[in-house]
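Student: sharing a sequence plus its predicted fold:
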Amino acid sequence: MAVDKNMPVLVVDDYKTMLRIIRNLLNQLDFTNVYEATDGGSALTKLREKKFGLVISDWNMEPMTGLQLLREVRADANLKNTPFIMVTAESKTENVIAAKEAGVSNYIVKPFNAGTLKTKLTSVLGDF
């Protein structure tokens, strides 16, 4: 089944420049329906208001981290199956393990490019 590139994608990052970079990379890959949230709390609100096909979230945010957001998503019966990719500047093994244990779909270490993003998206969503 082909990936629906028009599906809503939620990008969560407290750093506006990173939001713009990820949005641009998604646009390069023909994903056009991109929404943004600048913290975990507002991301949860958006996720509960609208059905998203994918969440791409930064790890390091305040007051709710990406890991806490992931745990909230996985604990919510309506959201638990939403593909979730974590983005972080740190590739510490314990972070990867914590994210995996919380149910992350995949993990991207900054910096990354459209090719890396496409590889991760393909592993989570299938070929496109």
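Tutor: Received it, and whenever you're ready, just let me know what you need.
Student: and Asn33, how far from Lys51?
Tutor: From Asn33 over to Lys51 the distance is 11 Å, taken as CB to CB, to the nearest Å. Using the backbone N, CA and C atoms, a C-beta is placed for each residue, glycine as well.
Student: of all residues in this protein, which one is nearest the centre?
Tutor: When the chain is reduced to its mean C-alpha position, the nearest residue by CA atoms, centre = their mean turns out to be Ile56, at 1.2 Å.
Student: helices along the chain, start to end?
Tutor: Listed from the start of the chain, the chain has helices (DSSP state H) covering 16-28, 40-49, 66-75, 93-102, 114-125.
Student: and these, which one is worst for confidence?
Tutor: If the helices of the chain are sorted by mean pLDDT, helix 93-102 sits at the bottom with a mean of 93.
Student: surely the residue nearest to the centre of the chain and Val9 touch.
Tutor: Yes - counting by CB atoms under 8 Å, Ile56 touches Val9, with 6.7 Å between them.
Student: shared neighbours, these two?
Tutor: Residues touching both Ile56 and Val9 by CB atoms under 8 Å, 6 or more residues apart in numbering: Leu26.
Student: tell me the buried residues in stretch 113-122?
Tutor: Buried residues in stretch 113-122, counted by 16 or more other CB atoms under 10 Å: Leu117, Lys120, Leu121.
Student: count of neighbours near the closest residue to Val109 other than its chain neighbours?
Tutor: For Val109, ignoring the flanking residues on the chain, the nearest one in space by CB to CB, 6 or more residues apart in numbering is Ser91 at 4.6 Å. Ser91 has 11 neighbours, counted by other CB atoms under 10 Å.
Student: list phi and psi for Ser91.
Tutor: phi -110, psi 30 (degrees, to the nearest 10).
Student: surely it touches Lys110?
Tutor: No - with contact taken as CB under 8 Å, Ser91 and Lys110 are classed as non-touching, separated by 9.4 Å.
Student: common neighbours of those two, please.
Tutor: The contact lists of Ser91 and Lys110 share no entry, where a contact means CB under 8 Å, 6+ apart.
Student: now stretch 46-66 - C-alpha only, CSV.
Tutor: These are the backbone C-alpha positions of stretch 46-66, laid out as CSV (Å, rounded to 0.1, in the frame of the first residue of the first chain):
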residue,chain,number,x,y,z
LYS,A,46,-3.6,18.7,18.6
LEU,A,47,-3.3,14.9,18.5
ARG,A,48,-6.6,14.6,20.4
GLU,A,49,-8.4,17.1,18.1
LYS,A,50,-7.2,15.6,14.8
LYS,A,51,-6.1,12.3,13.4
PHE,A,52,-2.4,12.4,12.4
GLY,A,53,-0.6,9.8,10.3
LEU,A,54,2.7,10.5,11.9
VAL,A,55,4.4,12.4,14.7
ILE,A,56,8.0,13.6,14.5
SER,A,57,9.0,15.0,17.9
ASP,A,58,12.1,16.4,19.4
TRP,A,59,13.4,14.7,22.6
ASN,A,60,14.6,17.8,24.5
MET,A,61,11.7,20.1,25.2
GLU,A,62,10.2,21.8,28.3
PRO,A,63,8.0,21.4,30.2
MET,A,64,7.0,18.0,28.6
THR,A,65,9.9,16.1,26.9
GLY,A,66,9.5,14.2,23.7
